[in-house]
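>>> Here is the input, now give the coordinates:
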Amino acid sequence: MSVCCLTLMTIAQPSTVKVAKNANRFTYEVYDYGETIDTSFLQIVYHHPYYQIFTVGNDGPFVPGYAQENTFVNLEADSTYQQAVFQNGEQQDRYEVASAFSRGDIAYDTARVNGLTRYTCHINSNTLEFFVQDFPCDLNPIPYYGRFKGLVVCFKRNGQTYLQLTKADFWKQAGIVLPELPGKFQRVTARELSTLKKQKLVITTRIFDDVQLSWGQKNSHVEGNIYDNTPFDSVLHYAGGTLALKRVRLPQLPRHYQTFIELHQRSNGDAYDRTGSVFVIPTGYHGPIFFTGINEHPDSLPSITGKDGQKYQGIAFTRWIDGEVVQYYQPPVELMRFFTPFGVGHFNDRVQIDELEWADGTYYKQEVTDLSAYLQGEVWIGVWIGNYDGGGHKVTLDIKSYPGSERWDDSNREGDDEICKSLFNTCNVLEMAGQNYGKIFGTDSLSVTVYIPEPKNTRLRYISTGHGGWDGGDEFTPKTNTILIDGKPAFTYTPWREDCGCYRRFNPVSGNFWNGMSSSDYSRSGWCPGTATQPVYFDLSHLEPGTHTITVAIPQGDPLGGSFSHWAVSGVLVVGE
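Below you'll find the predicted structure:
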């Protein structure tokens, strides 16, 4: 039988006065299991009729939104008080949860094991064990689980020790400071406090708030030096209104933060499934930036002429020397490729189907931590939905960063401008301004040459979707994408989604056919109406340092009448830790 590695301690009797020059102190070691076992220390300080729980060494600097917490138990009142104080500028937001110490809603089995009383229960498929030593006071370092008769000396979950008493002594000081008693905090429920703690820790930047993306709007324009004259925090519309752009300042965050983008979309009059993209415009190099093509015309960007004789504007990383200055161009960095469904929101009352309730809109959330080099400081962020509808779509976009540690770390991403590099992007977000579709693969491949200083932990972040919406077009035909490195095939990938039928409730005006299927049900080349396309990653860490050519080849199908197939592919070189 598994028991804690603990011999019974001889513990001094507790003090019986509210304020004394010494009190009983109990120190616990806390174990956190992961790839390694991390340990920390927790202390109970008892001064009748209260005991307080402290985390040893829990000092800052802390991440924004971190709550300074204090838990104390009033044994006479059989009550626990969890208090949280959030620093809000020079003010403090103070909240408190009060609950009974004794819990009758958890059924414990008891047994005597090596002179200790073992309390056992089962919660959410977990077996919890508390080992309790006889003691005049009932002290539990994790009072959430209730009151036990005596002193908890060990806690196990699923047979692993998570907390164990290691020391008992007197805490000597010139007067014990009692906790702030109830009544000085805003009283909330445990669920409300848990929600507050999580919400305040998340750093949220609202980029677009119910912005309309539709055809027929007047284009914005920035005169003169775009770096000096482009306003911050103003929504600019381009490509006839189908593209919204904003220049923002984002915080520099420690490496332990995880960053996500969240997009809400609903139809504002457009009934069709459309391609959409959230992207960042790379800056900081000598040479043109993608905003030049947005603000002027796509033809102002470095272009590639395919074997079909057509010009493809701004789709590939380019490096050249102008006099003695090395010039660079990077295509937009695609954070997320998404696809609108058929008319969700605006057309929900058009068709009713038994046992199916239409969603109010679509919600997309995707982690972009590996692209966070582009999401700090001064950033130009765009969102586009290709459509020629006067009502179009409405979108709300947030960037959310979640801390992975309680402590702030000032060693930010030094040299992050070298961590990511945008290589290619044929998703033509300037379609309505004249940017060509990604048809180059019908007669040619797409190649970029880039210098990779240290290939260690280097990956290619790749997004690919096929288009050509007729029977036999590339939207409905699986096609193998081949990635070549220095002219040799290195990776193959066939983007294909067979789960599109799962998203029927987002497609109220999808075509319904004689055989019982809906247009939105059909499998597609890497996407479904109402979904985001997940990137795939190709490992490049085997490459030698130096210059390498990366090529994308796709057997694009032939056009049919006035229709044609095309491929929206984007690739970013990501260098990890």
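
>>> Tell me which residues touch the residue nearest to the spatial centre of the chain, please.
Nearest residue to the geometric centre of the chain (Cα atoms, centre = their mean): residue 260, 2.6 Å. Residues counted as contacts of residue 260 (Cβ atoms under 8 Å, 6 or more residues apart in numbering) are 365, 366, 367, 368, 369, 399, 400, 401, 402. Yep, even glycine has a C-beta here, placed from its N, CA and C like the rest.

>>> Is it possible to get the residues you listed out as a markdown table so that each row also shows secondary structure and pLDDT?
Below are these laid out as a markdown table (DSSP: H, G, I helix; E, B strand; the rest coil; pLDDT from 0 to 100):
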| residue | secondary structure | pLDDT |
| --- | --- | --- |
| 365 | strand | 98 |
| 366 | strand | 97 |
| 367 | strand | 98 |
| 368 | coil | 97 |
| 369 | helix | 96 |
| 399 | strand | 98 |
| 400 | strand | 98 |
| 401 | strand | 97 |
| 402 | strand | 97 |
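
>>> Among these, which one is most surrounded by other residues?
residue 401 (24 neighbours; other Cβ atoms under 10 Å).

>>> How is the protein partitioned into domains?
22-196, 202-575 (automatic domain parsing).

>>> most neighbours per residue, which of the ones you listed?
A comparison of those by mean neighbour count, using mean count of other Cβ atoms under 10 Å, puts domain 202-575 on top with a mean of 18.

>>> looking at the domains of the chain, which has the lowest confidence?
Ranked by mean pLDDT, the domains of the chain bottom out at domain 22-196, with a mean of 89.

>>> quick check, distance from that one to the centre of its chain.
31 Å (Cα atoms, centre = their mean, to the nearest Å).

>>> Could I get the phi/psi values of the residue nearest to the centre of the chain?
Note on residue 260: its backbone torsions stand at phi -130, psi 150 [degrees, to the nearest 10].

>>> One more: residue 295?
Dihedral angles (degrees, to the nearest 10) for residue 295: phi -80, psi -30.

>>> Surely it is in contact with residue 221?
Yes - counting by Cβ atoms under 8 Å, residue 295 does reach residue 221; the two are 6.3 Å apart.

>>> quick one: common contacting residues for the two?
In contact with both residue 295 and residue 221: no residue, using Cβ under 8 Å, 6+ apart.

>>> before we move on, the earlier item: so the residue nearest to the centre of the chain versus residue 378, what's the distance?
21 Å (Cβ to Cβ, to the nearest Å).

>>> repeat for residue 131
Going from residue 131 to residue 378 by Cβ to Cβ gives 56 Å.

>>> Put the alpha carbons of the helix or strand where residue 31 lies into PDB.
Using DSSP states H and E, residue 31 falls within strand 22-33. The C-alpha trace of strand 22-33 is given here as PDB (Å, rounded to 0.1, in the frame of the first residue of the first chain):
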ATOM      1  CA  ASN A  22       5.100  33.500  17.700                       C
ATOM      2  CA  ALA A  23       2.800  31.100  16.000                       C
ATOM      3  CA  ASN A  24       2.900  27.600  14.500                       C
ATOM      4  CA  ARG A  25       4.300  27.400  11.000                       C
ATOM      5  CA  PHE A  26       4.100  24.300   8.800                       C
ATOM      6  CA  THR A  27       6.100  24.100   5.600                       C
ATOM      7  CA  TYR A  28       5.000  21.900   2.700                       C
ATOM      8  CA  GLU A  29       6.900  20.900  -0.500                       C
ATOM      9  CA  VAL A  30       4.700  21.100  -3.600                       C
ATOM     10  CA  TYR A  31       5.500  18.900  -6.600                       C
ATOM     11  CA  ASP A  32       4.600  19.900 -10.200                       C
ATOM     12  CA  TYR A  33       5.000  17.000 -12.600                       C
END
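
>>> what packs against that strand?
Secondary-structure packing of strand 22-33 (3 or more Cβ pairs under 8 Å, 6 or more residues apart in numbering; DSSP states H and E): strand 37-47, strand 160-172.

>>> how many degrees apart are it and strand 37-47 in direction?
Here the directions of strand 22-33 and strand 37-47 differ by 160 degrees (axes from the mean of the first three to the mean of the last three Cα atoms, to 10 degrees).

>>> Given strand 22-33, what are its sheet partners and their directions?
When pairing is defined by DSSP bridges, strand 22-33 lines up against strand 37-47 (antiparallel), strand 160-172 (antiparallel).
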